[in-house]
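S.K.: fold the following, please.
(2 chains)
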Amino acid sequence: MTRQEVFEHVKGILVETLSVDEEKVTMEARFQEDLETDSLDLVELVMTMEEKFGIKISDEEAAEIKTVANAVDFVMAQANA
Amino acid sequence: MTRSGHRPYTSPHEVTAAWSALTDDRVVRVVVDAAGGDHAPDEVVKGVCEAVCPQLRVVLVGDEERIRPLLPGDAPYLSVVHAPEAIGYHEEPATAARTKTSSSIVVGLKLVHAGEADAFVSAGNTGAVVAASVLYVRRIRGVQRPAICTIMPCMPAPVAFLDVGANAEVRPEYLRQFAIMGQAFAREVMGIETPSVGLLSIGEEPTKGTPEVIEAHRMIAADEHIGFYGNIEGRDIMNRLVDVVVTDGFTGNVALKTIEGSAKAILGALRATIDVSPATKLGGLLLRRELLVLKDALDPEEFGGALLVGMNAPVVIAHGNSRARGIAQAVRMARRGSVSDLLPTIARELGTHGGTV
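M.R.: Numbering: from 1, shown residues only, chains lettered A, B, ... in the order given. Purely as a prediction, here's the structure:
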C-alpha cells in the first residue's frame, strides 16, 4: 500500500467510525486539537486500525500517535517491517 | 407539543409490568456481568434466577468457580462463561476496556458482538461499560455518541432522562441525536405513545443557555421527527413537564445525583417529623399505606438501571449497589429493549434524516 492509500483508509475510519468532518482530515491534522477526538475515539481508531491493517499497536505506541501523519507512518513502518 | 403535567398517575409498576409480560415468544439471550456491582456475584445470580423464564436465557460472565456454587440445581435457562478478570471502579475506562480482554465486561460484550447473545447487563464500572460497548458492540451507524438514558421515578409518571454520564462535553448535533434516541426509548421501552421532549436549560426562551444548548434548541425545533416541547428548567424535571429530558452527560449526572440526594433528605426529614411525638407517630401510622406507595413510586431499584442508547444491542447499566430485585429488573429492561422496536427506530431515524455521516 502506498502512503496515500493508507491515508485514505485512515481517513475513512475517522469519517465513518468517529464522525469526523471529512474536510478536516489532512496529514497534518492533530487528533485532539484539530479533529476534536477524545481518548475513547483514539482507542477506537487504534483498534479499528489493528483490525483493518492486521497489525498490533501497543499502548506505548498508541500514545505516540498524535497526528494523522503519525498514524499513517506507523502503519507504513509495520507493513514494511 | 403536549403538556403532560395533568396526566393520571402512572406507577413505575405499570411501566415495568410490560417488561415482565411475555407477549412476545421470541427468546432473548442476555449476558449478565456476574463480577460487576457491590453485591456481586451473590445478588447478581439471585436476580438473574428471579428473571429467567423460557423466553429469556441468561449467560453469566465472571469467575466460574464463584458463580457455580450459587446456581440452583436445575437451571436450564442459565449458562456460565468464565472470565477471570474484573474491571474495578477506579480503573481508567478506555484503557481497561482495551487491555483487559479477559474481564467479564469485555468477554460479555464480545459475546453480544459475535451474535451469541442479544443484550448485556452490568452493575460494574459505568465508564468501562460505555467504552467497551463502543469498542466491541459498536454504535448504530449514524449515531455520533451513545447516551445513558435513565428512568426517573417522578409523580405522576416516570420520565426518561439522558444523558446522565456518557458524554461530559457535547456538540449541538449530539443533543439532537439524544432527543431522537430518548424519544424512541420513551416510546418503545416506557410505552409512552407520543412522548414530548424538553431540552434542559436555564430559561424557557430559545435564546437561553450555553452556545451549544442554543444551537441544539434550533436544531431540535427544526426536526419534524421530534415532539419538541422547548426548553425546560431544572425544577420542571420532577414536576413532570415533559416525558423526555435531554441534556449533556455532565449536567445530567449532577442533576440526577442532586435529585436523588434531595429525595433522600426529604424522606429522612419526613421520618424525623413523624417521630416527634406520640400524636405524630399515630399520624404516620394512619398515613402508612400511602407513604409506602410513595416510597415504592420513588424506588430507583424498580427500573433496574439505565440503558446505553445508540448501540447495536441493548446495554443496561444497573446501579452499582443493585440487589437481586434491581438486577432482575435490569435484565427485564434489556429483554424489552431487545424485543421492542428501539434499535430499528434509532437506526431508521438517525440513518435517514440526520447524521452528518
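S.K.: gap between B:Asp33 and B:Glu349?
M.R.: From B:Asp33 across to B:Glu349, the span is 30 Å (CB to CB, to the nearest Å). No exception for glycine: its C-beta is placed from N, CA and C like everyone else's.
S.K.: now do A:Met27
M.R.: A:Met27 is 36 Å from B:Glu349, by CB to CB.
S.K.: quick one: which of these two has more around it?
M.R.: Using other CB atoms under 10 Å in any protein chain shown as the criterion, A:Met27 and B:Glu349 rank with B:Glu349 on top: 20 against 16.
S.K.: where's that one, which helix or strand?
M.R.: helix B:342-352 (DSSP states H and E).
S.K.: same check, this time on A:Leu14
M.R.: helix A:3-16.
S.K.: show me what that helix is packed against.
M.R.: helix A:39-53, helix A:68-80 (3 or more CB pairs under 8 Å, 6 or more residues apart in numbering or on different chains; DSSP states H and E).
S.K.: 6 Å instead, please
M.R.: helix A:68-80 (3 or more CB pairs under 6 Å, 6 or more residues apart in numbering or on different chains; DSSP states H and E).
S.K.: mean confidence for the helix it packs on?
M.R.: The average pLDDT within helix A:68-80 is 89.
S.K.: ok, residues contacting that helix?
M.R.: Helix A:68-80 is contacted from outside by A:Val6, A:Phe7, A:Val10, A:Met27, A:Ala29, A:Phe53, A:Ile55, A:Ile65, using CB atoms under 6 Å, 6 or more residues apart in numbering or on different chains.
S.K.: neighbours around the closest residue in space to the fifth one that isn't next to it in sequence, how many?
M.R.: The one in question is A:Ala29. Nearest non-adjacent residue to A:Ala29, counting by CB to CB, 6 or more residues apart in numbering or on different chains: A:Val68, 4.9 Å away. When neighbours are counted by other CB under 10 Å, A:Val68 registers 24.
S.K.: and if you look at A:Phe31?
M.R.: 22.
S.K.: cool, B:Pro54 as well?
M.R.: Neighbours of B:Pro54 (other CB under 10 Å): 10.
S.K.: give me phi/psi at the nearest residue in space to it that is not next to it in sequence?
M.R.: Closest residue to B:Pro54 apart from its sequence neighbours, by CB to CB, 6+ apart: B:Tyr77 at 7.0 Å. Phi and psi for B:Tyr77, reported as degrees, to the nearest 10, are phi -100, psi 0.
S.K.: from what I see, B:Tyr77 and B:Arg57 are in contact.
M.R.: Yes - the criterion here is CB atoms under 6 Å, and B:Tyr77 meets it with B:Arg57 at 5.1 Å.
S.K.: mind checking pLDDT for the closest residue to B:Thr126 other than its chain neighbours?
M.R.: Closest residue in space to B:Thr126, ignoring its immediate chain neighbours: B:Ile317 at 5.5 Å, by CB to CB, 6+ apart. pLDDT, B:Ile317: 97.
S.K.: so B:Ile317 is in which element?
M.R.: If you go by DSSP H and E, B:Ile317 is part of strand B:315-318.
S.K.: count of neighbours near residue 20?
M.R.: Answering for chain A, as no chain was given. With other CB under 10 Å as criterion, A:Val20 counts 24.
S.K.: try chain B instead
M.R.: When neighbours are counted by other CB under 10 Å, B:Ser20 registers 14.
S.K.: report the contact partners of it.
M.R.: B:Arg332.
S.K.: ok so, going back, just checking, the residue nearest to B:Thr126 touches B:Gly304?
M.R.: No - with contacts counted by CB under 6 Å, B:Ile317 stays clear of B:Gly304, the gap being 9.6 Å.
S.K.: so the residue nearest in space to the middle of chain A versus chain B, what's the distance?
M.R.: Central residue of chain A (CA atoms, centre = their mean): A:Ala71, 4.2 Å from the mean position. According to CB to the nearest CB, to the nearest Å, A:Ala71 stands 16 Å off from chain B.
S.K.: shaky segments in the chain?
M.R.: Going with chain A. Residue ranges of chain A with pLDDT under 70: A:81.
S.K.: try chain B instead
M.R.: In chain B (pLDDT under 70), the answer is B:1-8, B:22-23, B:352-357.
S.K.: which parts of it sit against chain A?
M.R.: B:Ala94, B:Arg98, B:Ala131, B:Leu135, B:Gln144, B:Val357 (CB under 6 Å from any CB of the partner chain).
S.K.: mark which of these are buried, thanks.
M.R.: B:Ala94, B:Arg98, B:Ala131, B:Leu135, B:Gln144, B:Val357 (16 or more other CB atoms under 10 Å in any protein chain shown).
S.K.: pop out the phi and psi values for the third one.
M.R.: By that I understand B:Ala131. phi -60, psi -50.
S.K.: tell me the SS of B:Tyr229?
M.R.: Here B:Tyr229 takes the strand state, with states given by DSSP: H, G, I helix; E, B strand; the rest coil.
S.K.: isn't it up against B:Asp243?
M.R.: No - judged on CB under 6 Å, B:Tyr229 makes no contact with B:Asp243 at a distance of 8.8 Å.
S.K.: higher neighbour count, the two?
M.R.: Legend: neighbour count by other CB under 10 Å for B:Tyr229 and B:Asp243, higher for B:Asp243 (27 against 23).
S.K.: once you drop chain neighbours, what's closest to the more buried one?
M.R.: Nearest residue to B:Asp243, sequence neighbours excluded (CB to CB, 6+ apart): B:Pro195, at 3.9 Å.
S.K.: just the closest of the contacts of helix A:68-80 to B:Ile237, please.
M.R.: A:Ala29 (39.6 Å; CB to CB).
S.K.: against B:Leu286, how distant is that closest one?
M.R.: Computed with CB to CB, the distance linking A:Ala29 and B:Leu286 is 69 Å.
S.K.: out of these two, which sits in the more crowded spot?
M.R.: Set A:Ala29 next to B:Leu286 and count neighbours by other CB under 10 Å: A:Ala29 wins out with 17 against 10.
S.K.: from A:Thr67, how far off is the more buried one?
M.R.: 6 Å.
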